[in-house]
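Asks: What follows is a protein structure lacking sequence information:
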């Protein structure tokens, strides 16, 4: 297996492990500290927003400019919008399935439907996150791959891993509240992240062996990450902040600054 595909597999196994650690909070704690969760979500969203440009969009534009295909601005825009639309369509599909389940099932199965849709929601949007990591590592297979490129791929994996921690807890804690045992709540919570290694390998293999789609794949991953950060992470981290209204906002700024510092310094 290509070394960069192996690296993508290892990185996404790491992001899945962080999901499992988040799910494990249900075993050791009654409920995770909301303030810490908000800070982590804010930091992760800042990292993902910065990484979307410096580690994904900028390399995509550079590659497109050196190719003989469409203009770089067309390639980057198409890929970026495709990633965002894919995430939007995924969310709509889950919402539609939830409404249909609620309409066709009685109260007897309402609890089960709620649990299934919760796990499905988190699992579905973990797919493009795994793809984003896989694409970032697969892009390193080109001949001019550099140390800063590898660092960029690593930071993308770290950013996604950080936001996977509260996601794991977001599945396991509600399951516990629904009456599931700690063990089963943990198992279902960590299972939501198991799609990331699969998606990561697929993303890496695609860009390694089909180099022409690399600019599209990089910008696609950027679009998916931006939508997740803006639509899900930022609103979530801003909840319940009456005492410290800027706490998670500083997490966003800090995450962005750290990612920007690493990319600019190493670039």
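Replies: Structure's in. What do you need? The structure presented is a predicted model; accordingly, all values stated were derived computationally and were not measured. Numbering: from 1, shown residues only.
Asks: how about residue 84, what does it touch?
Replies: Applying CB atoms under 8 Å, 6 or more residues apart in numbering, one finds that residue 84 lies in contact with 223, 224, 226, 227. (Glycine included, C-beta is placed from N, CA and C.)
Asks: The last one reaches residue 87, doesn't it?
Replies: Looking back up the chat, that one is residue 227. Yes: between residue 227 and residue 87 there is a contact under CB atoms under 8 Å: 4.4 Å.
Asks: picking up where we left off before, select from the contacts of residue 84 the one having the most neighbours.
Replies: Counting neighbours by other CB atoms under 10 Å, residue 224 comes out on top of these with 29 neighbours.
Asks: Correct me if wrong: it contacts residue 87.
Replies: Yes: if you go by CB under 8 Å, residue 224 and residue 87 touch, sitting 5.0 Å apart.
Asks: Mutual contacts of those two, please.
Replies: In contact with both residue 224 and residue 87: residue 128, using CB under 8 Å, 6+ apart.
Asks: Let me know the pLDDT of residue 40.
Replies: Listed pLDDT for residue 40 reads 71.
Asks: Residue 19: how many residues sit nearby?
Replies: 30.
Asks: Tell me which helix or strand comes right after the lowest-mean-pLDDT helix or strand in the chain.
Replies: Every helix and strand in the chain was compared by mean pLDDT, DSSP states H and E; the lowest is helix 110-138, with a mean of 71. Going down the chain from helix 110-138, the next helix or strand is helix 147-177, by DSSP states H and E.
Asks: Pull the distance from that next one to the chain's centre.
Replies: In terms of CA atoms, centre = their mean, to the nearest Å, the gap separating the centre of helix 147-177 from the centre of its chain is 7 Å.
Asks: Under the pLDDT cut-off, which ranges of the stretch 51-200 of the chain? List them.
Replies: 94-95, 97-122, 124-125, 142-148, 170, 173-174, 177-178 (pLDDT under 70).
Asks: Mind doing that once more with 50?
Replies: Scanning the stretch 51-200 of the chain with the threshold set as pLDDT under 50 gives 108.
Asks: name the element residue 48 belongs to?
Replies: Going by DSSP H and E, residue 48 is part of helix 34-51.
Asks: I'd like the next helix or strand past that helix.
Replies: Past helix 34-51, the next helix or strand by DSSP H and E is helix 58-65.
Asks: Mind giving me the packing neighbours of that next one?
Replies: helix 72-104, helix 214-227 (3 or more CB pairs under 8 Å, 6 or more residues apart in numbering; DSSP states H and E).
Asks: and the ones you listed, which is most packed in?
Replies: helix 214-227 (a mean of 27; mean count of other CB atoms under 10 Å).
Asks: List of residues touching the helix or strand just after that one?
Replies: Counting by DSSP H and E, the next helix or strand C-terminal to helix 214-227 is helix 234-237. With CB under 8 Å, 6+ apart as the test, helix 234-237 has contacts from 37, 38, 39, 41, 42, 45, 166, 248, 251, 252.
Asks: Now with 7 Å, please.
Replies: Contacts with helix 234-237, where a contact means CB atoms under 7 Å, 6 or more residues apart in numbering, come from 38, 41, 42, 45, 248, 251, 252.
Asks: Skipping adjacent residues, who's closest to the third one in space?
Replies: Counting by CB to CB, 6 or more residues apart in numbering, residue 42 lies nearest to residue 251, which is 2.8 Å off, once chain neighbours are set aside.
Asks: Can you name the helix or strand that that neighbour falls in?
Replies: helix 247-266.
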